[in-house]
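Trainee: Here is my input, please return the structure:
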Amino acid sequence: MAQPQTTMAIGTDGVAVVQLDYKPLNALHPQLLRSLFDNLKRAHEDPRCKAIVVTGANNNFSPGFDIQQFKNQSGGGGIDSSINDAFCTVLENGPKPTVAAIHGVALGGGLEVAMACNARVCTPGTRMGLPELQLGILPGFGGTQRLPRLVGLQKALEMMLTSAPIKDGAARKLGLVDDVVPQAQLLEAARRMALDIAEGRKPRMLSLYRTDKLETFGEAATVFEMAKSETAKRARGLAHPLLCIEAIEYGVAHGGEAGLKKEVECFAAAAALDTHKALVHIFFAQRSTKKVAGVTDAGLKPRPMKCVAVLGGGLMGSGIATALAQAGYDVLLKEVNQQFLDGGLARVKANLASRVKKGAMSAAEAEKVGARVKGVLTYDDFKSADMVIEAVIEDIPLKQRIFADLEKACRPDCILSTNTSTIDINLVGAKTAAQDRILGAHFFSPAHIMPLLEIVRTERTSKQAILDTLELSGRIKKTPVVVGNCTGFAVNRVFFPYTMAACMLVDMGLNPFQIDKAIAGKFGMPMGPFRLNDLVGSDVGLHVGKNFLDSFPERVYISQLIPLLNQHKRLGEKSGKGFYKFDAKRRASPDPEIAPLVEEARAAAGLIKDASKPPKMSDQEIIEFIFFPVVNEGCRVISEGIVDKPADLDVATVMSMGFPAVKGGLIFWADLVGAPRIVAKLAALSKAVPPALAGFFTPCDYLAQAAQAGRKLEAGVAACVQDLGRAHAAVVHVRARAAGWGGLARGGGGALLGGGGRMAGCCDVLMLVEELLRTSLA
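Mentor: Numbering: from 1, shown residues only. A predicted model of the protein is given here:
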């Protein structure tokens, strides 16, 4: 494994080149920083050295601080004031001038290294920025002080608060770099600039002490007020962006050196927040979804894919085709008639035109991508397909006929997948003998934009088919989550209580718009459950909801609210009205005309005892009423092995439903709240509602046992099994002592564990063991 190090070589011109070298991209591991500082000191002390150039190996400068350190160490990854001190003494203020030679990226700590140098040269295409807020912290190596002094306060605030990098041209114009040269000339240009500074032909600039780019005091005050106001709107309830502004503002008012001390203080405060822990968790969780036990560690290699066929050119099918074509695949888009096919191809073209309009690709690129999509009306060309993705309507007999046809039309190694969001995958492929290559490829709408892909495996899906689909997900820039085959799979199943709980609150007397305000405004979801219903469509919600009523009748809530909206053709955005009404630009506003429907649903539910006294609930109470049942269902999904690991569910909920990333995903957030509190609240709610509804809130075994054992929900089923083993051993030990069988107790009771039980049932056994423990000890 590559070791973090720097190298130092002094040329005949007297310039020492210090090179960052830590594959793959020179992340700033603490050991790399120590090596950098050591070599800088050596260069300063060497009489042969006149000036210093800092650059990067591995065809890159540095992407920033080694994020793994945030995971390995307590908050902040071990960053403290000693690093800032070294930046000042050996990079910025040492005896010899320093120049950064930048190529590739200089992000986060990488840019902070460059800004501490006395000048900077980069190559075309270089990207520079300070994206630390994306991890719940702020720049910690002087970035809050040096960037405003190099590019001006307003631009610096924009770069830090949005985490948006800039390219070489903008950096040169702003003064962040002093020159842009071809890569072949980078070191030569940097050496020349370093000597010019050393020999007095260019001034030596100390970024920390510059004031020429800072706004006047009055202008700065206005800029800070605007930044705070905008941040309060866009990052509602988040402290770390305001801590970043605080550090910048203090430095502008009291000078760069004082600002560095404030930066250390603000960095430590941000690093201690749950937000930082949550964002670091989701960062690593997102990168671990491609590692699936028993699949990616099975010694297989993904097979190359060139052509993918898509059945159905509707909104979903055309979106999938667009994503595939953009990734370089040849795409066969099949429809049942020419009219539908023309519509599907037109939608692909419109998707690409939208990207051109937004500046994401050129018109020539869009034309080239569009040419990869071939419209077909038959299966004649399907022998060339490496994978098929079926995206037709949710009709079981239709899907079964299609898969029977695909088995005949495609090669025997072709993966056959369905984009169904709820239907049992085994049922879809029931009329074929190709079960080993059938799986679910569940995209979220719009498919060419939404970042998640649920890969649904059955007990018969081959490891190779799963591995190949994981590879495809990477090429089309989707984050994959491999899930088991059940109603709703992972995301839709976990969130089925979401709208049901919201409807129950309305039936109990709460205003639906108050609920949406609490869930979106207070909690941070993109929209509340009723606004989401209008986006998806009341008809779709009713259809999908029926699957859960059939599959989990013991823990659902049946409200007449959504059926009534359907009866009155209030389907949401598609019909111009639902819970909300929509103007010509699809802007939503609460619609008072739903009041009679709400009253009718409440009357049917019979949950209001005294209509003159509607329940009073705080935003927090609403949040818990809606999300704790969602957590409960998430725990069932974990205990049943539907997800490979709990962190996968965190990623899935963030990337599909917009669960706030700053909370770390559903299960991570639940652990922050604490399983005991969730269990206590759910138990109380189950007693507060009529007995027929108690099952909606009753805590599942996995959740209840985690609360009782003080175990994190993120620990997964394996931790539950370990607890079971320890409990078994403890029971044997207690019984042995009680009977005087010391030898047996010392010999251990592991043999009693056995190996035949299902992991998903471990919580029931654990409850029995703990009861035995209590009895034995008594």
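
Trainee: show me what contacts residue 518?
Mentor: Applying Cβ atoms under 8 Å, 6 or more residues apart in numbering to residue 518 gives the contacts 528, 619, 622, 623. For every residue, glycine as well, the C-beta is placed using N, CA and C.

Trainee: That one: what secondary structure?
Mentor: Three-state call for residue 518 (DSSP: H, G, I helix; E, B strand; the rest coil): helix.

Trainee: Quick check: mean pLDDT of stretch 228-247?
Mentor: For stretch 228-247, mean pLDDT rounds to 94.

Trainee: what about it, how long is it end to end?
Mentor: 13 Å (Cα to Cα, to the nearest Å).

Trainee: which other residues reach it?
Mentor: By Cβ under 8 Å, 6+ apart, the surrounding residues in contact with stretch 228-247 are 133, 136-139, 144-145, 157, 160-161, 224, 227, 259, 262-263, 265-267, 269-270, 273, 275-276, 521-522, 524, 662.

Trainee: Now that we have those, which of them are buried?
Mentor: By neighbour count, with 16 or more other Cβ atoms under 10 Å, the contacts of stretch 228-247 hold 133, 136-139, 144-145, 157, 160-161, 224, 227, 259, 262-263, 266-267, 269-270, 273, 275-276, 524, 662 as buried.

Trainee: Let's see which of the residues you listed end up in helices.
Mentor: The members of the buried ones among the contacts of stretch 228-247 that map onto helices under DSSP state H are 144-145, 157, 160-161, 224, 227, 259, 262-263, 266-267, 269-270, 275-276.

Trainee: ok, and for stretch 320-339, which residues are buried?
Mentor: Quick answer for stretch 320-339 (16+ other Cβ under 10 Å): 320-327, 329-335.

Trainee: residue ranges with poor pLDDT in this structure?
Mentor: Scanning the chain for pLDDT under 70 picks out the ranges 1, 73-80, 611-612, 719-778.

Trainee: pretty sure residue 486 is in contact with residue 643, am I right?
Mentor: No: if you go by Cβ atoms under 8 Å, residue 486 and residue 643 don't touch, sitting 10.8 Å apart.

Trainee: ok, these two, which is more surrounded?
Mentor: Regarding residue 486 and residue 643, a neighbour count based on other Cβ atoms under 10 Å identifies residue 643 as having more, with 26 against 18.

Trainee: Report the backbone C-alpha coordinates of stretch 400-409 in CSV.
Mentor: Backbone C-alpha positions of stretch 400-409 (Å, rounded to 0.1, in the frame of the first residue of the first chain) are rendered in CSV as follows:
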residue,chain,number,x,y,z
GLN,A,400,-44.9,-12.0,-17.8
ARG,A,401,-45.6,-12.1,-21.6
ILE,A,402,-42.7,-9.6,-22.2
PHE,A,403,-40.2,-11.7,-20.2
ALA,A,404,-41.3,-14.9,-22.0
ASP,A,405,-40.7,-13.1,-25.3
LEU,A,406,-37.3,-11.8,-24.1
GLU,A,407,-36.1,-15.2,-23.1
LYS,A,408,-36.6,-16.3,-26.8
ALA,A,409,-35.4,-13.1,-28.4
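
Trainee: Wait, residue 86 touches residue 37, no?
Mentor: Yes: with contact defined as Cβ under 8 Å, residue 86 reaches residue 37; the gap is 4.7 Å.

Trainee: what is in contact with these two at once?
Mentor: The contact sets of residue 86 and residue 37 do not overlap (Cβ under 8 Å, 6+ apart).

Trainee: picking that back up, nearest to residue 455 among the buried residues of stretch 320-339?
Mentor: Residue 455 has its nearest neighbour among the buried residues of stretch 320-339 in residue 320, at 13.8 Å by Cβ to Cβ.

Trainee: how close does the closest one sit to residue 553?
Mentor: Applying Cβ to Cβ, to the nearest Å, the value for residue 320 to residue 553 is 33 Å.

Trainee: now do residue 626
Mentor: Relative to residue 553, and taking Cβ to Cβ, residue 626 is found at 21 Å.

Trainee: So for these two, which sits in the more crowded spot?
Mentor: Neighbours were counted for residue 626 and for residue 553 using other Cβ under 10 Å; residue 626 has more, 24 against 10.

Trainee: From what I see, the more buried one and residue 504 are in contact.
Mentor: No: contact criterion Cβ under 8 Å: residue 626 and residue 504 do not qualify, at 9.1 Å.

Trainee: from the buried residues of stretch 320-339, which ones fall inside strands?
Mentor: With DSSP state E as the criterion, strands contain 330, 331, 332, 333, 334 from among these.

Trainee: Stretch 207-215: end-to-end distance?
Mentor: One end of stretch 207-215 to the other measures 15 Å (Cα to Cα).

Trainee: Buried residues, that stretch. List them.
Mentor: Across stretch 207-215, burial judged by 16+ other Cβ under 10 Å covers 207, 208, 213, 214, 215.

Trainee: got a markdown table for those, with secondary structure and distance to residue 31 too?
Mentor: Output for these, formatted as a markdown table (DSSP: H, G, I helix; E, B strand; the rest coil; distance: Cβ to Cβ, whole Å):
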| residue | secondary structure | distance to residue 31 |
| --- | --- | --- |
| 207 | helix | 26 |
| 208 | helix | 26 |
| 213 | coil | 34 |
| 214 | coil | 36 |
| 215 | coil | 39 |
